[in-house]
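Undergrad: model the following, please.
(chains A and B)
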2 protein chains.
Amino acid sequence: MRSIERERGYVLTLEMTEKDVRNKQLILRDYVSGFPKESDFDVTSNSTIKLKLDDDNSKVVLVKNLFLAADPHLRALMKKSADNLSPLFGYGVAKVVDSRHPDYEEGDFVWGITGWEEYSIITSPEHMFKIQHTDDIPLSYYTGILGMPGLTAYAGFFEVSAPKKGECMFISAAAGGVGQLVGQFAKLMGCYVVGSAGSKEKVDLLKNKFGFDEAFNYKEEHDLDAALKRYFPQGIDIYFELVGGKILDAVLLNMRVHGRIAVCGMISQYTREEHEAVTNTTCLISKRIRMQGLNVVDYYHLYPKFLEILLPQIRQGKISCVEDIVEGLENGAGALIRVFSGHNIGKQCATAETPRSLDLHSIHHDISLQPQASGGWVLHVLPLRVVHPVITIASRAISPSNAERGRNMNPPSPPPLCRLLLLLLLLLFLPLSPLAFSTNSYDSNGFGDERQKRFNGFGHKRDMGRPKGHGCERISGD
Amino acid sequence: MRSIERERGYVLTLEMTEKDVRNKQLILRDYVSGFPKESDFDVTSNSTIKLKLDDDNSKVVLVKNLFLAADPHLRALMKKSADNLSPLFGYGVAKVVDSRHPDYEEGDFVWGITGWEEYSIITSPEHMFKIQHTDDIPLSYYTGILGMPGLTAYAGFFEVSAPKKGECMFISAAAGGVGQLVGQFAKLMGCYVVGSAGSKEKVDLLKNKFGFDEAFNYKEEHDLDAALKRYFPQGIDIYFELVGGKILDAVLLNMRVHGRIAVCGMISQYTREEHEAVTNTTCLISKRIRMQGLNVVDYYHLYPKFLEILLPQIRQGKISCVEDIVEGLENGAGALIRVFSGHNIGKQCATAETPRSLDLHSIHHDISLQPQASGGWVLHVLPLRVVHPVITIASRAISPSNAERGRNMNPPSPPPLCRLLLLLLLLLFLPLSPLAFSTNSYDSNGFGDERQKRFNGFGHKRDMGRPKGHGCERISGD
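TA: Predicted coordinates:
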């Protein structure tokens, strides 16, 4: 059995024996330039894996991957990867299938760096976090609110930003996995919070679900400096940087003396060959600004404390989250494309499992917020692979217990011909103007009536009511 | 008597009575665009002042200015000034002539914000620092090593940069008033220190007087990234930013993980209408860099501690300094031009007094380091006002006791015709190539023998030996 040692601690097995199974993987075809596109990826089942560890596999763990996080930092791996046959790797949630490590046993749930594939061998399981799974918290949360983005938001806000009650905070890419949490932390702290995002839906979500004081669509602002002056006439005390480039440049002009900039991400720059210019760096001096780059690995030691604080807040409905989940590695490329094109709303991830079915009754709901039995919200979207801008189909909820049952329980994914037929069917029913997908407003409970009416002729109307009781609810109450 | 209240706490008196004297001032003719030039300034004696405060001048102090600091931040005042008839204002050293403030009395020496004029009324003397003057420390040091630049260097290094022994530090504009001190602090801390500057003379000074491990002339480096990789193969832990623009961009590429950038100044940007682009901002994330803008006003409370540490180090010769002093407000514009054109070496300041004489015997020494009786070094230069690149004349040493004796002891400045004749005389004796001024090397004692030989035919050779005993000596000994 030949193995390729991965820099981030897992091994991919390539050759098949009698007891091996095929291991579906999302493969990078080649280095990616600019925005990732479907043709940059491939889903293969050429690789195989034995579902039992050899005795000589000391201290490694074999996992079945459940949820894979489409995190912005993956773009860097697409640039630098020297091994374009190997699957992508990044943060994910997985279940232990076999273990040679004393800290793990079969059935444990973990999150950490794994592969975009069905099964992975984790060679450094000491870098994984064991999940104390309870039925009321979806496992997918450990790709977002309770995983890397959650800890990033927590550390970036409380450790890096040095916030004080009443301060003015701006968050870019505020509807993403990190931004939505930072804003809620800031509201809990008593800050004035404004977020920017790239669509009306996201802006409404920020204001109506996450309790931001204000939010704006940066694509509608021709003068970002003027926009910031409108929302921050007294200036910005804290900027949580997730976008970079032009927004950073405009923010620098609007920072207050002794302002802090937590530099967490610059998603607008990752897809560029030449980075955008930042020219207002002299503001760092005149305003005595502190800019601090951050990486979650420096704050792993805070995770127990973070969980201790976050879990009750989630259960009490004080902290809310929105996830954007696609089903199956076949749609993994779409999930990644959504992140870099800004079409995701909330934490984008993919299940490692093949989609079980395509529910034609809900085919024309482009995006839907769905209350979970556990009390959380899950945003279900399923991008088709050949349509751009991404057309999304709401699929059935993936409950954690389903997601981790194993691929044998699921029917195979539709063959290419079926997908083509499905696409044709979709195009027949599509409204003529693509803007029809982006001009809806949310009602106070979730997504807007307007879109509901538009699509009632095609699909069934979903229950958009917010869940009662504990869970991910909007912090501001009603 | 009409008075103009100054934003930085001093008042300029404009109308004359019998007991008033004329008050020579360096005036901004208009807003400055690009590099400051002679025609942007004027020296006038139109203003007058009474050398006794009125009884109704509550808590103000009348001072006679001695040394005026040509600090880079003055460029910002030239841009924004709404009152181009008023004199420039900035940090300076002065002697109290009359006081209505209980903390000050006639004869006290102070440093703080004052006007580029002979006499100023300080309306907020509580923002001034009283100097405990002793004969062994030149008063001019309070424009540099013991004043604002010194405290800036101290706070920027020890408070902002969080240095550790053995770390690698880069300093731009390293031969200036702040940079030369930061480098010496870093050497005392046990860091590896590299500085950049804009001439061979400055580079030699950094290596041979201030004990930098390495130094380079950025004007000779076509690829700043490659230059930094040459001097920092393992990367930079601390960057002390005094230049900005292209150098900052190259530094970002060469920072190490968890590096710190103390953003103290960006002199390359102050003279530009459009600032240079910085494009490598994503390095802030990948390397978890902290960039911190600093302004000395946030660290004024450290001044007593700073003095407690610095004064013994100066007296023991552990900390060295080089000053670049021009004589008289008539040469004040030249001093400012030198700073923004990079022709100054060391802390640039001007005396408020009119030059007492022009020593023709030393007329062709462009720059000379001269040992002080007090044990320090003073770099004497006197730019003529109409020649560019600046031609400098070494003048007699300004001892503090001379400098503060009052203008009546000095002969008047040469009238314009005399200056013209002097210029013609100078031009007759000038070497044909302007490069002759910039290709000399320093010997271990100060400036190079080569230039000495070149000018021996015209002027007398100065004693270039370093002073014995205490004072500003090179930290690394000889």
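Undergrad: ok, and the closest non-adjacent residue to the residue in the stretch 201-350 of chain A that chain B sits nearest to?
TA: The minimum distance from the stretch 201-350 of chain A to chain B, using CB to the nearest CB, falls at A:Ala277 (3.1 Å). In short, each C-beta sits where N, CA and C put it, glycine included. Leaving aside its chain neighbours, A:Ala277 sits nearest to B:Ala277 (3.1 Å; criterion: CB to CB, 6 or more residues apart in numbering or on different chains).
Undergrad: for that neighbour, give me its contacts.
TA: Applying CB atoms under 8 Å, 6 or more residues apart in numbering or on different chains, we find B:Ala277 in contact with A:277-279, B:249.
Undergrad: at 10 Å instead, please
TA: B:Ala277 makes contact with A:249, A:275-279, A:281, B:245-246, B:249, according to CB atoms under 10 Å, 6 or more residues apart in numbering or on different chains.
Undergrad: for it, what are phi and psi?
TA: phi -80, psi 140 (degrees, to the nearest 10).
Undergrad: mind listing what the longest strand anywhere in chain A pairs with, with the direction of each?
TA: If you go by DSSP state E, chain A has its longest strand at strand A:89-99. Sheet pairing of strand A:89-99 (DSSP bridges) gives strand A:61-69 (antiparallel), strand A:109-115 (antiparallel).
Undergrad: among the contacts of B:Ala277, which ones are in helices?
TA: With DSSP state H as the criterion, helices contain A:249, B:246, B:249 from among the contacts of B:Ala277.
Undergrad: make a markdown table from these and add distance to B:Asn344 to it.
TA: Output for those, formatted as a markdown table (distance: CB to CB, whole Å):
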| residue | distance to B:Asn344 |
| --- | --- |
| A:Asp249 | 31 |
| B:Lys246 | 21 |
| B:Asp249 | 25 |
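Undergrad: just the element for A:Lys318, please.
TA: For A:Lys318, there is no helix or strand it lies in under DSSP states H and E.
Undergrad: surely it touches A:Gln184?
TA: Yes - the criterion here is CB atoms under 10 Å, and A:Lys318 meets it with A:Gln184 at 8.0 Å.
Undergrad: comparing those two, which shows the higher neighbour count?
TA: When A:Lys318 and A:Gln184 are compared for neighbours, A:Gln184 comes out ahead with 27 against 17, by other CB atoms under 10 Å in any protein chain shown.
Undergrad: wait, is that one part of a strand?
TA: No - according to DSSP: H, G, I helix; E, B strand; the rest coil, the state of A:Gln184 is helix, so it is not within a strand.
Undergrad: where does it land on pLDDT?
TA: pLDDT recorded at A:Gln184 is 96.
Undergrad: do I have it right that it meets A:Val322?
TA: No - the criterion here is CB under 10 Å, and A:Gln184 misses it with A:Val322 at 11.2 Å.
Undergrad: and A:Gly334, that's in a helix?
TA: Yes - A:Gly334 forms part of a helix when assessed by three-state DSSP.
Undergrad: wait, it sits on A:Phe340?
TA: No - A:Gly334 lies out of contact with A:Phe340 (CB under 10 Å); the separation is 11.3 Å.
Undergrad: any residues in contact with both of those two?
TA: By CB under 10 Å, 6+ apart, the residues touching both A:Gly334 and A:Phe340 are A:Ala70.
Undergrad: neighbour-wise, which of the two wins?
TA: A:Gly334 (28 against 22).
Undergrad: before we move on, back to that, highest neighbour count among the contacts of B:Ala277?
TA: Busiest of those [other CB under 10 Å] is A:Thr281, holding 27 neighbours.
Undergrad: that one: what's its closest spatial neighbour, skipping adjacent residues?
TA: B:Val278 (5.4 Å).
Undergrad: could you check how far that neighbour is from B:Lys79?
TA: The spacing between B:Val278 and B:Lys79, counted by CB to CB, to the nearest Å, is 21 Å.
Undergrad: how about the helices in the stretch 51-200 of chain A?
TA: A:74-80, A:148-154, A:179-189, A:200-208 (DSSP state H, counting those that start in this stretch).
Undergrad: can I get these in JSON lines with distance to chain B?
TA: Output for the helices of the stretch 51-200 of chain A, formatted as JSON lines (distance: least, CB to the nearest CB, whole Å):
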{"stretch": "helix A:74-80", "distance to chain B": "8"}
{"stretch": "helix A:148-154", "distance to chain B": "11"}
{"stretch": "helix A:179-189", "distance to chain B": "15"}
{"stretch": "helix A:200-208", "distance to chain B": "23"}
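Undergrad: B:Glu118: which of those helices is closest?
TA: helix A:179-189 (53.5 Å; CB to CB).
Undergrad: list the buried residues of the closest one.
TA: A:179-187, A:189 (16 or more other CB atoms under 10 Å in any protein chain shown).
Undergrad: got any ranges where chain A has weak pLDDT?
TA: By pLDDT under 70, the weakly predicted segments of chain A are A:1-18, A:57, A:80-85, A:354-478.
Undergrad: my read: A:Arg260 touches A:Tyr239, true?
TA: Yes - judged on CB under 10 Å, A:Arg260 makes contact with A:Tyr239 at a distance of 7.5 Å.
Undergrad: please consider this matter closed, and thank you.
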